[in-house]
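Asks: Here is the input, now give the coordinates:
(one chain, ligands or ions: 1)
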Amino acid sequence: MKFEKLIQKMTNEEKASLLSGGDVWNTREVKRLGIPSISMADGPTGIRKQAVSSDHLGLHPSIPSTCFPTAATIANSWDVELAEELGEHLGEEAASLGVDVVLGPGLNIKRSPLCGRNFEYFSEDPYLSGKLAASYCKGLNTAGVTGCVKHFVANEQELRRMSNDSVVDRRALREIYLTGFEIAVKEGKPLSLMTAYNKVNGTYANENKFLLQDILRDEWGFNGFVVSDWGGGNDHVAGVIAGSHLEMPGTKYNSPLEIIKGLEEGRIDESVLDQRVDELLTAVLTIHKRKRVRGSQSPTNQDKTGKGITLEQELKLSKESASNQEFELSQEQFDIKKHHSFAIKAARESVVMLKNEEQILPISSHRKVAIIGAFAKKPRFQGSGSSQVNPTRIDNTLEQVTDYNFNFIGYAPGFDLVTHSKGSLSKIKEAKALAKKADVVLLYLGLEEVRETEGLDRDCMELSKSQVRLLETLHTVNPNIVVVLSCGSPIEMPWIDRCKGLLHGYLGGQGGARAILDILVGKANPSGKLAETYPMSLEDTPCYNYYPGLEKTAPYLESIYVGYRYYDKVNIPVGFPFGYGLSYTTFSYSNIKVDQEKVQFTLKNTGDVAGAEVAQLYIGKGVSELYRSKKELKGFKKVFLQPGEEQQVTIPFDDYTFRYFSVDENKFKVESGTYQVYIGTNVADVRLTAWIDILGDNISSELTQDFIPSYFNGQVNNVSKEEFEIILGRPLPESKWDRNAPLGINDTLSQGFYCKGFIGQFIYKKLLTKRKQALSGERADINLLVVFEMPFRSFAKLTGGRVDMHMARGILAIFNGHTFAGASHVKLSFMKMKIGNFIFKLRLKYPHGISKHKRSK
Ligand code: BGC
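Replies: Modelled structure (predicted):
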């Protein structure tokens, strides 16, 4: 252990106190020993630092900070340098607000287009997700803070996210769901990682030793700290034993008391507690050292650079500064204007042009342009929930358009921003009249805020009827329509032939409106490419029959066939393939060369304007002993070229290029044989192919086609339970709630409809009504959505220490119909909690006992 001597000086109360938060955002300190506290805040769309009241769902306003494009948007840039620069900007803002750990990036895989948080995640592909997440982390490191990659792992649905069990087979878990985290951890070196709320194969992610110790620490060499998602703690002792370091948010001393009880009962060994404290201190002191270096950049702290000192020396310095308050942080404000310009740039690089019939774009200045659609005035630029930022400013199209050389003839909203509204006839009429007078209609469509939010998955992939109706009406009077889309996840587009141009800005952050205008007028050339497939319809998605898991489990029956890996394998036509995006110029590919280390080819800009192309490397193995996707993304490069310019592009192979996960041997291996090396402009448009022989391992022992035909032919959208059980290696766990059994501590309030107690039934019905009301407005009441799906243990884990686990059990008893016994249990436990907290506080204050303390005075 690194800090053995220090840990020997600590009491068990002090150790236990470090393993849960001091409040909603900060860790605890131990002043007498110089152990500092560190501060966290959400990201990574921007920094959500709350000034006064704290909550973790974006309910209370936060200090203004730049709202950058969301991760789903940045992913379309396929630009690792841009992502790193974004990380630096974020880090700079975090540092200026005294935030040490930015809670992001999130890199869960887009298993279904319906996941409510897809706008926060990068891609359906783990390689792209991992590379971009690593870049964010590198940028944050450069700025002297750290990222916290989340949510580890298999957290792909919002429905009952705090209680359900993701059932994932080992190959899919390793090759799809863990690989992105592996890349992010190994290359981005974040000092923190957040566990997911859900269970993974039967065990809560935050209590999963296989994930936290065996894979994360032992295999990947992670040396940061593991934090629970907010309120994601369940059995704190089990979490600490498994390798989790910090339970958030704070619960006063209730969580530390659970550790003390665990020690007393022999559930956790003191050596395990010491180990966790040691690991936590290593990360906290490294983070604190960075803070000191940042602080040294302020004029008052010139002499305390902290560079080149050991963590032990850092501890000493921290102790000195704790006692004489010398150390000050640089609180200089970041350059708001510069950061806004970067937000525009980041959005611009990420815009995807999906259609440009008759070269309707860019729009020439003499054409009369009508702007229609409520999003032109009230832009959708970020999603809802914990990532929601209070922007320093928000550009909107109507205000910005005057800066451009546009023949702008007028605006009409066309629809209301309320989901499921059929549309207002008068608004449609007004828009139609305007469209008649225009040469080109710019029609701003998108998903309403309530349809992209933490805590709620979408129930369909359609645009609101009112918007589609508007488009169809406008098309009857003017065929020159350019749709500008704002949404953070795929939608169905049965209406696509009603527009000639289609620009997708995703959720472009506070500068998104300008980024789109730059492209509309040709000031910039679009270079974004989709980081996810746009299926024709929801029914076409590989997990359509399994998503979301409704009750106890979320079984991932489609296994490795996520996104393009499925559509490409079974030749299902899609709206837009993975990696798709148009440009105002054209590119040619030629001259492919491949050796054991790399692939090289020539890329040429064959058009009239400068532009950037994202060249994509896919690997396939036509003849294989394994079930495999046809192609897998294994590299990419964004290259900017002047008209006529050409460049030799090299994409190196790496540890991920040829590997697969061997279930038999429980490790990654490489199958010997010939591989196809594809260079494409998207997954469905391969421009160059080469072959390479790779000498790898013998894999004769893996599962063969006879037992699992669906996985070999890729027809996985309706796999039998029996077939899945073969690749899962165990029987599928029960998925249905037992409606006859009493509710348990990890059951949710939404299960209240079958609880036995009348009080429980009453509360359930009230919540249900409120939930319905909440969903009909312009903005979702996330708090309510979250409460409805909250397990009973959250009474203890999300109430800032007002309730402990014993009291939560009393509340549960009331729901289960033991009204009086439950109520008296709550009352008694409350008293016990208060006394327990009081004594714990005393013990922390007087680590050597009150009498000894008095004597030493
Ligand atoms: C979210 C996390 C977030 C945390 C703190 C949770 O609800 O799942 O992504 O970092 O809150 O706000």
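Asks: Across the sheet, point out what pairs with the most centrally placed residue in the chain.
Replies: Using C-alpha atoms, centre = their mean, the residue of the chain that lies closest to the mean C-alpha position is residue 106, 2.5 Å off. Per DSSP bridges, the residues bridged to residue 106 are residue 150.
Asks: need the next SSE after the strand or helix carrying residue 354, C-terminal direction.
Replies: Of the helices and strands defined by DSSP states H and E, residue 354 is found in strand 352-356. Towards the C-terminus, the helix or strand next in line after strand 352-356, according to DSSP H and E, is strand 368-372.
Asks: Which neighbours in the sheet does that following strand have, and how are they oriented?
Replies: strand 407-412 (parallel), strand 440-446 (parallel).
Asks: For the next helix or strand after it, what is the distance to the chain centroid?
Replies: Counting by DSSP H and E, the element after strand 368-372 in chain order, helix or strand, is helix 397-400. When C-alpha coordinates are averaged (C-alpha atoms, centre = their mean, to the nearest Å), helix 397-400 and its chain have centres 30 Å apart.
Asks: Residues in contact with helix 397-400: which ones?
Replies: 371, 376-377, 379, 411, 442, 444, 513-514, 516-517 (C-beta atoms under 8 Å, 6 or more residues apart in numbering). (Glycine included, C-beta is placed from N, CA and C.)
Asks: now stretch 257-277
Replies: The set of residues that contact stretch 257-277 without belonging to it, under C-beta under 8 Å, 6+ apart, is 1, 3-4, 7, 10, 12-13, 15-16, 18-19, 236-237, 240-241, 243, 245, 804-805, 836-837, 840.
Asks: can I get the CA coordinates of that stretch in CSV?
Replies: The C-alpha coordinates for stretch 257-277 follow below in CSV (Å, rounded to 0.1, in the frame of the first residue of the first chain):
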residue,chain,number,x,y,z
LEU,A,257,-22.0,3.6,9.8
GLU,A,258,-22.8,0.7,7.4
ILE,A,259,-19.1,0.2,7.0
ILE,A,260,-18.4,0.3,10.7
LYS,A,261,-21.2,-2.3,11.2
GLY,A,262,-19.8,-4.4,8.5
LEU,A,263,-16.4,-4.4,10.3
GLU,A,264,-18.0,-5.3,13.6
GLU,A,265,-20.0,-8.1,12.1
GLY,A,266,-16.9,-9.4,10.2
ARG,A,267,-18.6,-8.9,6.8
ILE,A,268,-15.7,-6.8,5.6
ASP,A,269,-12.1,-7.2,6.6
GLU,A,270,-10.1,-4.1,7.8
SER,A,271,-7.4,-4.9,5.3
VAL,A,272,-10.0,-4.6,2.5
LEU,A,273,-11.2,-1.2,3.9
ASP,A,274,-7.5,-0.1,4.1
GLN,A,275,-6.9,-1.2,0.5
ARG,A,276,-9.9,0.9,-0.8
VAL,A,277,-8.8,3.9,1.3
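Asks: Next, the buried residues of that stretch.
Replies: Neighbour counts over stretch 257-277 (16 or more other C-beta atoms under 10 Å) mark 257-260, 262-263, 268, 272-277 as buried.
Asks: got it, and stretch 28-42?
Replies: Buried residues in stretch 28-42 (16+ other C-beta under 10 Å): 28-30, 33-42.
Asks: circling back to that earlier point, just checking, the residue nearest to the centre of the chain touches residue 120?
Replies: Yes. Between residue 106 and residue 120 there is a contact under C-beta atoms under 8 Å: 4.7 Å.
Asks: can I assume residue 284 sits in a strand?
Replies: No. Under the criterion used here (DSSP: H, G, I helix; E, B strand; the rest coil), residue 284 is helix, not part of a strand.
Asks: tell me how far the strand holding residue 354 is from the chain's mean position?
Replies: When distances are taken as C-alpha atoms, centre = their mean, strand 352-356 is centred 26 Å away from the chain's centroid.
Asks: Name the surrounding residues that touch that strand.
Replies: Residues from elsewhere that reach strand 352-356, judged by C-beta under 8 Å, 6+ apart: 76, 361, 496, 499-504, 506, 519, 526, 528-530, 576, 580-583.
Asks: same deal with stretch 309-322?
Replies: By C-beta under 8 Å, 6+ apart, the list of residues contacting stretch 309-322 reads 2-3, 6, 29, 31, 33-36, 281-282, 285-286, 288-289, 292, 304, 306, 326-327.
Asks: cool, and stretch 666-676?
Replies: For stretch 666-676, the external contacting residues (C-beta under 8 Å, 6+ apart) are 170, 174, 619-626, 631, 658-662, 689-699.
Asks: same thing but 6 Å
Replies: Under the criterion C-beta atoms under 6 Å, 6 or more residues apart in numbering, residues 619-621, 658-659, 661-662, 691-697, 699 lie in contact with stretch 666-676.
Asks: buried sites along it?
Replies: Quick answer for stretch 666-676 (16+ other C-beta under 10 Å): 668-671, 673, 675-676.
Asks: could the residues you listed be laid out in JSON lines, adding secondary structure?
Replies: Rendered in JSON lines, the data for these read as follows (three-state DSSP):
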{"residue": "668", "secondary structure": "strand"}
{"residue": "669", "secondary structure": "strand"}
{"residue": "670", "secondary structure": "strand"}
{"residue": "671", "secondary structure": "strand"}
{"residue": "673", "secondary structure": "strand"}
{"residue": "675", "secondary structure": "strand"}
{"residue": "676", "secondary structure": "strand"}
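Asks: filter those by proximity to the ligand?
Replies: Judged by C-beta under 6 Å from any ligand atom, the overlap between the buried residues of stretch 666-676 and the neighbourhood of the ligand is nil.
Asks: Could you single out the nearest of the residues you listed to residue 469?
Replies: Each of those was scored against residue 469 by C-beta to C-beta, and residue 676 proved nearest at 45.8 Å.
Asks: Quick one: residues in contact with whichever helix or strand residue 427 is part of.
Replies: Assessed by DSSP H and E, residue 427 sits inside helix 425-437. Residues outside helix 425-437 that contact it (C-beta under 6 Å, 6+ apart): 370, 372, 410, 412-414, 441, 470, 473-474, 477-478.
Asks: Just the CA trace of that helix, in PDB.
Replies: In PDB, the C-alpha atoms belonging to helix 425-437 read as follows (Å, rounded to 0.1, in the frame of the first residue of the first chain):
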ATOM      1  CA  LEU A 425     -54.400  24.700 -38.300                       C
ATOM      2  CA  SER A 426     -53.800  28.500 -38.200                       C
ATOM      3  CA  LYS A 427     -50.100  28.000 -37.700                       C
ATOM      4  CA  ILE A 428     -50.000  25.600 -40.700                       C
ATOM      5  CA  LYS A 429     -52.000  28.100 -42.800                       C
ATOM      6  CA  GLU A 430     -49.600  30.900 -41.900                       C
ATOM      7  CA  ALA A 431     -46.600  28.800 -42.700                       C
ATOM      8  CA  LYS A 432     -48.100  27.700 -46.000                       C
ATOM      9  CA  ALA A 433     -48.700  31.300 -47.100                       C
ATOM     10  CA  LEU A 434     -45.100  32.200 -46.300                       C
ATOM     11  CA  ALA A 435     -43.700  29.100 -48.100                       C
ATOM     12  CA  LYS A 436     -45.600  30.100 -51.300                       C
ATOM     13  CA  LYS A 437     -43.700  33.300 -51.500                       C
END
